[in-house]
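> what would the 3D arrangement of this be:
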Amino acid sequence: MPCIKPPRRFLALLLGVAAVLLPLHSQALIETYTLQNGMDVALLPLQGSGSIKMTLAYNAGFSAQTSATAGLFRTLEYILFRGPATSPGEPEPAGALAALGPLEVQGGSSPEGFSLSLLLNPPMLREGLDTIAYLFSHLRIQSALADSPALSNAKESVLGIINHSLSDPFSIYNAAISKKLFSPSPWRFDEAGADYIVRPATAASLENLATQWLVPNNAILVVAGEFDPSLAKQWIAAAFSTWKQSSDPWKSSAYPQLPKPGVSRPVLMVYPDPSMIEGEAVIEMRYRGPDAGSSRAQALELLAAMASRPQSRLVAALASSLPSWANPRAFSLTYHQSRATSWFSASAKISSSPKGNLPEMVLNFKETVRGAQMYGMKANPSYFTTAEYAAAKNELIQAKQSALADPRLAVDFIAAAWLRGRIPHLLAWEDRIKALGTKDITALADEYFMKNLEVVAVRVSVEDFARQEKSFKSYGFEIINAKTAFWWR
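Here you go, the predicted structure:
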């Protein structure tokens, strides 16, 4: 394919704003800029990496769903790619992608985005950009939706996913918690969707969804690996400059802000999980968390890194506070950070005993984590040592730098950061981590533990639940089941 270089003045107009260089280490820089149509671009040259990875990611996906569109992003994926994006079907886009000889294809609908990622050999950079631009062009979307048999197949596939979720323990459990913790809009956490929404979906309704959300000013293109940035900019401009800017879908859509606390009182839940082994259980305390734009977001990332260490003070407290038969292990403080739907949880695996009172032990777990240890973090600035702060910060920053040294991981890292908070979030993250101190952790513990309320849930085997059902009910635990777990049933 011949290389046609646009005039310098034309290229400058297309890029729209001056590029920003984000230092990573002595060998690499992320360059970010915005095309005139509003599409953000991030370039990370990694010479000697032997490959390139590119992603076009839209700030859409499940968190953009409403009670009238839950399941339609997945349906749109299956019609555009003739199946899941990770395994595109014939004749298109499989044919167009096969011509690139991709080493890996990723993407599709996800909690935070709608994307396509390609891992390619370096000489295929321009062809890869042109192919992604073609696959997401308005003409291609219209053509894909006009294929009635393909639309029917896509809907049947998604209805199959929905039907599977009704018997999938993981889906049932998470749906039940989301229904409680995020009651104003639990559909924003629904990865399968509702059958009564998907079944009557039309080409027109899916085109409206694509027209609203798959627009350049709601997207980022990320390229990392072995390439020439100057050529990449020219080819990006040529491939995407004809895309037209549209209204911001987030401003034109009404989403109720998810409250904190997510519940008006603490909630206790138990799930007789058929996938659990008899004699084992998993306890979780789940909370509404700080969103990516919050001043508490990076503090929670740091807290999660410190508290989840096997040798942490919190882990030791659980071992000494709970009965010996419980044998708490694999404790984790997990933070699912997003633009507007963040949550976090404290969880651990435990053993159950026929002679032990499992519901009472769950309450002891809650009291140890929230009542004693999180209060200690709030009241005692020295709860974590200086060495723990330094080690956790280094761990987070090293994980970022390691990811950004590999094209496969770098593109995912950059796109995820952008989806959480656009370019400013990407640029400020490391400095915010480095600046954190004891005051940030004590303020976080106060605001998001002491002044927050949780859903406490325990997954137990069907056999263990049968033995202690009366006890669970006497303690006020709500029983999770497939009939009532999903918001739309």
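
> going forward, measure contacts between C-alpha atoms and count neighbours the same way
OK.

> shouldn't Ser345 be within a strand?
Yes. Ser345: assigned to a strand according to DSSP: H, G, I helix; E, B strand; the rest coil.

> quickly list what it is bridged to.
Each beta-bridge partner of Ser345 is listed here: Arg286, Thr334, as defined by DSSP bridges.

> quick check, it in contact with Ser308.
No. Counting by Cα atoms under 8 Å, Ser345 stays clear of Ser308, with 11.3 Å between them.

> shouldn't Ala330 be within a helix?
No. With three-state DSSP as the criterion, Ala330 is assigned strand and is not in a helix.

> which residues touch the closest residue to it other than its chain neighbours?
Spatially, and ignoring its direct neighbours in sequence, Ala330 is nearest to Ala348 (5.4 Å; Cα to Cα, 6 or more residues apart in numbering). With Cα atoms under 8 Å, 6 or more residues apart in numbering as the criterion, the residues that contact Ala348 are 282-284, 328-332.

> now do 10 Å
Applying Cα atoms under 10 Å, 6 or more residues apart in numbering, we find Ala348 in contact with 281-285, 315, 318, 327-333, 365, 458.

> do the same with Met374
Applying Cα under 10 Å, 6+ apart, the residues contacting Met374 are 314, 367-368, 380, 383, 442, 444-446, 448-450.

> so which of these is the most crowded?
Ala445 (25 neighbours; other Cα atoms under 10 Å).

> now do the host helix or strand of that one: distance to the chain's middle.
According to DSSP states H and E, Ala445 maps onto helix 438-445. Taking Cα atoms, centre = their mean, to the nearest Å, one finds the center of helix 438-445 at 25 Å from the center of the full chain.

> now do it, average pLDDT.
Taken as a whole, helix 438-445 has a mean pLDDT of 97.

> tell me which other helices or strands that helix touches.
Packing partners of helix 438-445 (3 or more Cα pairs under 10 Å, 6 or more residues apart in numbering; DSSP states H and E): helix 297-307, helix 375-379.

> run the last query once more with 6 Å
Packing partners of helix 438-445 (3 or more Cα pairs under 6 Å, 6 or more residues apart in numbering; DSSP states H and E): helix 375-379.

> centre of the chain versus the helix it packs on, how much separation?
Offset of helix 375-379 from its chain centre (Cα atoms, centre = their mean): 29 Å.

> same thing with stretch 73-81?
19 Å.

> give me the average confidence score over that stretch.
97.

> least trustworthy helix or strand in this structure by mean pLDDT?
Within the chain, confidence by mean pLDDT, DSSP states H and E is lowest for helix 8-15 among all helices and strands, at a mean of 35.

> so which of the contacts of Ala348 wins on neighbours?
Top of those by neighbour number is Val458, holding 26 neighbours under the definition other Cα under 10 Å.

> which residues does the host helix or strand of that residue contact?
Secondary-structure element containing Val458, defined by DSSP H and E: strand 455-460. Residues outside strand 455-460 that contact it (Cα atoms under 6 Å, 6 or more residues apart in numbering): 266-273, 281-286.

> how about 8 Å then?
Surrounding strand 455-460, the residues in contact under the criterion Cα under 8 Å, 6+ apart are 177, 180-181, 263, 266-273, 276-278, 280-287, 362, 366.

> kindly report the same for stretch 94-111.
Outside of stretch 94-111, the residues within contact range by Cα under 8 Å, 6+ apart are 61-63, 73-74, 77, 81, 84-88, 114-121, 124, 127-128, 131, 188-189, 191.

> mind listing which of those residues are in helices?
Residues of those located in helices (DSSP state H): 73-74, 77, 127-128, 131.

> which one of the residues you listed is nearest to Ser246?
Ser246 has its nearest neighbour among the ones in helices among the contacts of stretch 94-111 in Phe73, at 18.9 Å by Cα to Cα.

> so what's the closest one up against?
When contacts are counted by Cα under 8 Å, 6+ apart, Phe73 is found next to 61-62, 65, 109, 114, 209.

> domain map for the chain?
Domain assignment of the chain by automatic domain parsing yields the ranges 8-251, 267-485.

> lowest-confidence stretch among those domains?
The minimum mean pLDDT among those belongs to domain 8-251 (a mean of 92).

> could you pull out the helices for the stretch 351-489 of the chain?
358-366, 375-379, 386-403, 407-435, 438-445, 462-474, 482-485 (DSSP state H, counting those that start in this stretch).
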